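Q: here's a sequence, model it:
(one chain, ligands or ions: 1)
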Amino acid sequence: MSATLPSRTGKAPGAWPLLGHAWQLHARPLEFLSSLPAHGDLVRIGMGPWPAYVVCEPDAAHRMLTDSRTFDKGGPFFDKARVLFGSSLPMAGWQEHRWQRRQMQPAFQSDRIEQYALVMGEEVDRMTGRWRAGQRLDVTAALTTLTLRIVTRSVLAAEAQDEAVAEVQESLHTVIDGIYQRVMLPLGPLYRLPTRANRRYRHACDRLHRAIDGIIAARRAAPGGNDLVSMLLTAVNDDTGEPMSDVDIRDQLMVMIGAGFETTANSLAFALWLLSQHPEAEARVHDEVDRTLAGRTATTADLDGLTYTRRVVNEVLRMYPAGWFFTRVTTTDTTLAGRHLPKGTALLYSAYLLHHRPELFPEPGRFDPDRWAAQAAESLPRGAHVPFGGGNRKCIGDQFALIEMTLALATVCTRWRLRPDPGSTMTVQVRGTLGPGPLPMTCEPRGRKSADT
Ligand code: HEM
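A: Residues are numbered from 1 along each chain as shown. Below is the predicted model:
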């Protein structure tokens, strides 16, 4: 592939003094990132005053993702997020990360996912059971409530009390938006001014901390169980023999919930929107879910029968990967895409950029779930489809998310068809995650077919 490119490394045009390309990244990030492969496999940009290289080629992305010791978490954007999130799993350097991941991985093994899938089913039933024929609702908001309830109940092993969920949900949105802004537009001391927005952000952080601290305290008082909270309460650092402090545990839980609800909600909302715009694909999903489910709630036993629904999920994650941009930093002198990189070089990879390379995915703007038919998908180079990243920093919730999205989409589609307002359009919103923004749609009940028709 590199033979078709003008050079292996290059420089992005249009840098501003001091800001570099920070404004382009802030104001039109997707267009800016998609323009970079024209300048090389590894393209130098300015993130404020700091240079960084954007990895535009799948082989190089794969190498970077799978050598997490050389290409560690870090970089100027990331270091700001670390201040806000402590040394939780996504933030930890490779050495810290090894023992943390080992201790937390069992919470995502298949037997646990089976348990979470029961919660997923209950929550989808709860959501679809409240919808009424002709009701107009914001699908993104409904799915955000759904996935937040699912991840909160799964991760915290807490009963999803309406009040507690509402508390976490309200504060989390403000906190996530505030963090995104602080990371992308580093205005330093300005964020300490007592403006309304800054006060709102601080207040939301305090509320969120209080809510999670309450759960930790309750679990310390009544230990036991084999869920994530109990794993964190008993986790011990291999090197120091130290347990995690309550603040460490809170950071881990906050990050896990933060990483696990908006991502899946937005992906599901994109899926329902795309299906509403592509009647043929929608008809194939309907046909499949009616044959497999005939109106009942999907379970993990149905996954084999939901081949096309899974393709839709994969295609949504290709077109609109919720985690659209992440950074790394070199821990030693190394070479990538033929370029020498000194220790401390910041790198950036974007699933959105890679997933929209026409050499890898012809007509990348076209919604085509059949790209994921087994044979076609197998011929993709490594590092081309990376909605969950790769290597040992790959999303710990990837199976959780894939199963959640497939089961939720199947159950919704066997019961309801969501119709957009006539003439409405969808605009991709780029924040910490990619999302479709508010999506007003009308609920239309689907006629039930019996399983044997
Ligand atoms: C559509 C849904 C999701 C997407 C697209 C997604 C995407 C990602 C990506 C791309 C990474 C790697 C970041 C990097 O390379 O720096 C990641 C890491 C992570 N994700 Fe997800 N994620 C999703 C759902 C979830 C869920 C449901 C959870 C938890 C319940 C979760 C928890 C995490 C955690 C803890 C990490 C850090 C892993 C580590 O460093 O070991 N994610 N996610």
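Q: what's the neighbour count on the residue of the chain found nearest the ligand?
A: Residue of the chain nearest the ligand, by Cβ to the nearest ligand atom: G397 (2.3 Å). Bear in mind the C-beta positions are built from the backbone N, C-alpha and C, glycine included. For G397, the neighbour count with other Cβ atoms under 10 Å is 22.
Q: could you measure from it over to G389?
A: 11 Å (Cβ to Cβ, to the nearest Å).
Q: strands of the stretch 101-250 of the chain, start to end?
A: Using DSSP state E, counting those that start in this stretch, the strands of the stretch 101-250 of the chain run over 136-138.
Q: what does it put close to the ligand?
A: Taking Cβ under 6 Å from any ligand atom as the criterion, the stretch 101-250 of the chain approaches the ligand at residues R101, V151, V155.
Q: buried members of those residues into ChimeraX, please.
A: Of these, the buried ones go into a single ChimeraX selection, burial set by 16 or more other Cβ atoms under 10 Å:
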select :151,155
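Q: want to throw the residues of the stretch 101-250 of the chain next to the ligand into JSON lines with pLDDT?
A: Output for those, formatted as JSON lines (pLDDT from 0 to 100):
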{"residue": "R101", "pLDDT": "94"}
{"residue": "V151", "pLDDT": "91"}
{"residue": "V155", "pLDDT": "85"}
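Q: go through the residues of the stretch 101-250 of the chain next to the ligand and flag which are in helices.
A: R101, V151, V155 (DSSP state H).
Q: ok, the residue of the chain closest to the ligand - contacts?
A: F108, M256, A259, G260 (Cβ atoms under 8 Å, 6 or more residues apart in numbering).
Q: which pLDDT does the model give the first one?
A: Predicted confidence (pLDDT) at F108: the value is 95.
Q: again with the one 4 residues further on
A: You'll see R112 listed with a pLDDT of 92.
Q: wait, doesn't it sit right on M104?
A: No: when contacts are counted by Cβ atoms under 8 Å, R112 is not listed as touching M104 (11.0 Å).
Q: number of nearby residues for the residue lying closest to W324 once chain neighbours are set aside?
A: Distance criterion Cβ to Cβ, 6 or more residues apart in numbering; nearest residue to W324, sequence neighbours excluded, is Y352 at 4.3 Å. If you count neighbours by other Cβ under 10 Å, Y352 ends up with 24.
Q: what parts of the stretch 301-450 of the chain come near the ligand?
A: 321-323, 326, 387-389, 393, 395-397, 400-401.
Q: the same query, at a cut-off of 5 Å, please.
A: A322, G323, F326, P387, F388, G389, R393, C395, I396, G397, F400, A401 (Cβ under 5 Å from any ligand atom).
Q: any stretches of the stretch 1-150 of the chain with poor pLDDT?
A: Residue ranges of the stretch 1-150 of the chain with pLDDT under 70: 1-7, 76-77, 79-84.
Q: for the chain, longest helix please?
A: helix 246-277.
Q: off-centre distance for the helix or strand following that one?
A: Using DSSP states H and E, the helix or strand that follows helix 246-277 in sequence is helix 279-292. Relative to its chain's centre, helix 279-292 lies at 26 Å (Cα atoms, centre = their mean, to the nearest Å).
Q: number of residues surrounding P194?
A: With other Cβ under 10 Å as criterion, P194 counts 7.
Q: re earlier: out of the residues of the stretch 101-250 of the chain next to the ligand, which one sits closest to A265?
A: Using Cβ to Cβ, V151 comes nearest to A265 of those, at 9.6 Å.
Q: kind regards, and thank you for your time.
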